[in-house]
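Trainee: predicted model and sequence below, questions to follow.
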Protein chains: 2
Amino acid sequence: MKKILITWWAWFIGSHLCRRLLNDWNEVYCLDNLFTWNKENIIDLINNPKFTFILHDVTQPFWGQFDEIYNLACPASPIHYQKNPVETIKTSVLWSINMLELALKTKAKILQASTSEIYWDPKIHPQVESYRWNVNPIWIRSCYDEWKRASETLFMDYHREHKVDIRIIRIFNTYGPAMNPNDWRVISNFIMQALKNEDITIYWDGTQTRSFQYVTDLVEVIIRMMNNNIWFIWPVNTWTDFEFTMNELAEIILKLIPESKSKIVYKPLPWDDPKQRKADNSLAKEKLWREPKIKLEEGLKKTIEYFKQYI
Amino acid sequence: MKKILITWWAWFIGSHLCRRLLNDWNEVYCLDNLFTWNKENIIDLINNPKFTFILHDVTQPFWGQFDEIYNLACPASPIHYQKNPVETIKTSVLWSINMLELALKTKAKILQASTSEIYWDPKIHPQVESYRWNVNPIWIRSCYDEWKRASETLFMDYHREHKVDIRIIRIFNTYGPAMNPNDWRVISNFIMQALKNEDITIYWDGTQTRSFQYVTDLVEVIIRMMNNNIWFIWPVNTWTDFEFTMNELAEIILKLIPESKSKIVYKPLPWDDPKQRKADNSLAKEKLWREPKIKLEEGLKKTIEYFKQYI
């Protein structure tokens, strides 16, 4: 049994990670400022004696002795971080510093949830970890991607200068129950539109692709990353199991919700939205490999079931 | 007369900026933690009633009412920031946040000294402000360039979200008296080696180029940037007046110190050192133009005179 701290647990990936770690007989402490979500995703866990919820402003220092720290802290949806860019930056950086100082003082292992957003609008496909990016520090999404990249620097330097035992994982698109239905990600958008019989909005011509991983498969990879003996300190992409166009995704969702009266409509692509992003999985497959358990249709069915409570 | 705050004033550019602003009849407050340098560059100013020195840890908040803030804070030499990467990052980010909060609350104008290092190892030449870079967040110099880039994001977001009146200037290589003779920049290295009759060390074959601006010409550009009515919020390169190879630089310096017994020796290029960097000056010339006053040989002569006290 380990004593584990998860930051920003209420975030959808955090709630799944939390359940999985409890299931594996760990003691789990989940810390959040409830900035982007509320407690409903884990309300059933409150009575679990191995589970503790801590409401805390993540820009302020925090103290505690833990074996492992999963640092997920940062609002991840464009709709949130573009509304509060300054808050997003402060959260990302101050919290990373606070957690790295905690790991340094208590000799805890620490995993940083980085993001495929750091690849921004990539010129190679798929994206391998050593790719050096086509980036832009001064546009409206920079508050997220530029600062996540800077956080990687911070983690690497705490490792190089202070020998902190770090892991960096670059998370690509993930979906599943407990997603926020209102955060304007493509899967939640399409499903909510189909359930409400509203037009399904595709930007551009729908041939742009995305690739996704189901959340419990992602959690497995994150835990493997934390528990592997480090062979070398280097960021690792999570992998995505399939790549599809926005047109294909809309059609699958409409097939899975046959009662929907929604139609597909096309709108112009928002400025500077990346057209294609997919992880190069070689490193993750070599070092963290497992067969993904949940296929796209099965994952979408579970997600649709979850979203039905919101219409 | 304006009330002006300069952070990290003891840094060589800061000391020149300070003198120039005092000369223009302003009241100048200079704040530093003396992390990379000491007070000797401004010791003659201590008795000037319009000048105040404030010793302050720049990672802690600071309060005061000023008309303008020149935010120069960050150790700028590789030899310093690679020794203390974590401290470099904290300084860069915490201080930027502290100063932006001060500007926001007091409605001060604020200028951020960014750097040509954000272009890292550029694939186009010269570098125009809109260039999106070939970057790398996880190597040993990232603590400086990655975080300076992230600071630009922070400034842009304080402008967009809170309407703070910002300026961002990307400073290219600068030289002149008051440089630190021990910070391993190429001009100080060559001059000190020539003055001490030591070998002049050129890395690689000496055909890589750099371009420089004399410090008082840079100060003129920085002040123009602060005082221009903002036509649009966008980072501006300072310009450099000439480009030369390392071989040419070594030869000019040896010509200017005819008594030197130094010889030129060649060593391998350190890993990932950029081979060429030069500002695209179009934007600066259009908006901030002035004829540079100090030519290379004249600037080098003044710098050599200054360095003689250190041998």
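Mentor: Nice, thanks for sending it over.
Trainee: residue A:139: neighbouring residues, count only.
Mentor: 16 (other Cβ atoms under 10 Å in any protein chain shown). No exception for glycine: its C-beta is placed from N, CA and C like everyone else's.
Trainee: and the helices in chain A, which stretches?
Mentor: The residue ranges that make up the helices of chain A, judged by DSSP state H, are A:12-23, A:78-81, A:85-106, A:142-162, A:186-195, A:215-227, A:246-256, A:282-288, A:296-307.
Trainee: which parts of the stretch 51-200 of chain A sit against chain B?
Mentor: Contacts of the stretch 51-200 of chain A with chain B, taken as Cβ under 8 Å from any Cβ of the partner chain, map to A:84-86, A:89-90, A:93, A:97, A:118, A:132-140, A:142-143, A:146-147, A:149-150, A:152-154, A:156-158, A:160-162.
Trainee: if we can go back for a sec, just say which of the helices of chain A is most tucked in.
Mentor: helix A:142-162 (a mean of 25; mean count of other Cβ atoms under 10 Å in any protein chain shown).
Trainee: what packs against that helix?
Mentor: helix A:78-81, helix A:85-106, strand A:109-115, strand A:166-171, helix B:85-106, helix B:142-162 (3 or more Cβ pairs under 8 Å, 6 or more residues apart in numbering or on different chains; DSSP states H and E).
Trainee: and for the fourth one, what's in contact with it?
Mentor: The contact list for strand A:166-171, computed with Cβ atoms under 8 Å, 6 or more residues apart in numbering or on different chains, reads A:13, A:103, A:109-116, A:118, A:129, A:152, A:155-156, A:158-159, A:218, A:221-222, A:225-226, A:230, A:233-238, A:279.
Trainee: that one pairs with which strands, and in what direction?
Mentor: Applying DSSP bridges, strand A:166-171 is found paired with strand A:109-115 (parallel), strand A:236-237 (parallel).
Trainee: mind checking which of these is nearest residue B:72?
Mentor: When those are ranked by distance to residue B:72, counting by Cβ to Cβ, first place goes to strand A:109-115 at 30.0 Å.
Trainee: okay if I get the strands paired with strand A:166-171 as JSON lines plus distance to residue B:297 and mean pLDDT?
Mentor: Shown next, in JSON lines, are the strands paired with strand A:166-171 (distance: least, Cβ to Cβ, whole Å; pLDDT from 0 to 100):
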{"stretch": "strand A:109-115", "distance to residue B:297": "49", "mean pLDDT": "92"}
{"stretch": "strand A:236-237", "distance to residue B:297": "52", "mean pLDDT": "84"}
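Trainee: mind putting those into JSON lines with mean neighbour count and distance to residue B:182?
Mentor: Rendered in JSON lines, the data for the strands paired with strand A:166-171 read as follows (neighbours: other Cβ atoms under 10 Å in any protein chain shown; distance: least, Cβ to Cβ, whole Å):
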{"stretch": "strand A:109-115", "mean neighbour count": "24", "distance to residue B:182": "35"}
{"stretch": "strand A:236-237", "mean neighbour count": "24", "distance to residue B:182": "39"}
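Trainee: lowest average pLDDT across the helices of chain A?
Mentor: Per-stretch mean pLDDT for the helices of chain A is lowest at helix A:78-81 (a mean of 64).
Trainee: relative to residue A:226, how far out is whatever residue of the stretch 201-311 of chain A ends up closest to chain B?
Mentor: Using Cβ to the nearest Cβ, the single residue of the stretch 201-311 of chain A nearest to chain B is residue A:235, 6.7 Å away. With distances defined as Cβ to Cβ, to the nearest Å, the gap from residue A:235 to residue A:226 amounts to 14 Å.
Trainee: ends of stretch A:187-207, what's the gap?
Mentor: Distances were taken as Cα to Cα, to the nearest Å; on that basis the terminal residues of stretch A:187-207 are 15 Å apart.
Trainee: name the residues that touch it?
Mentor: Taking Cβ under 8 Å, 6+ apart as the criterion, the residues outside stretch A:187-207 that touch it are A:175, A:179-182, A:212, A:245-247, A:249-250, A:253-254, A:257, A:260-270, A:273, A:275, A:300, A:303-304, A:307-308, A:310-311.
Trainee: picking up where we left off before, out of the helices of chain A, which is closest to residue B:65?
Mentor: The nearest among those, by Cβ to Cβ, is helix A:85-106 at 21.8 Å.
Trainee: packing partners for the closest one?
Mentor: Using 3+ Cβ pairs under 8 Å, 6+ apart as the contact definition, the elements that helix A:85-106 packs against are strand A:68-71, strand A:109-115, helix A:142-162, helix B:85-106, helix B:142-162.
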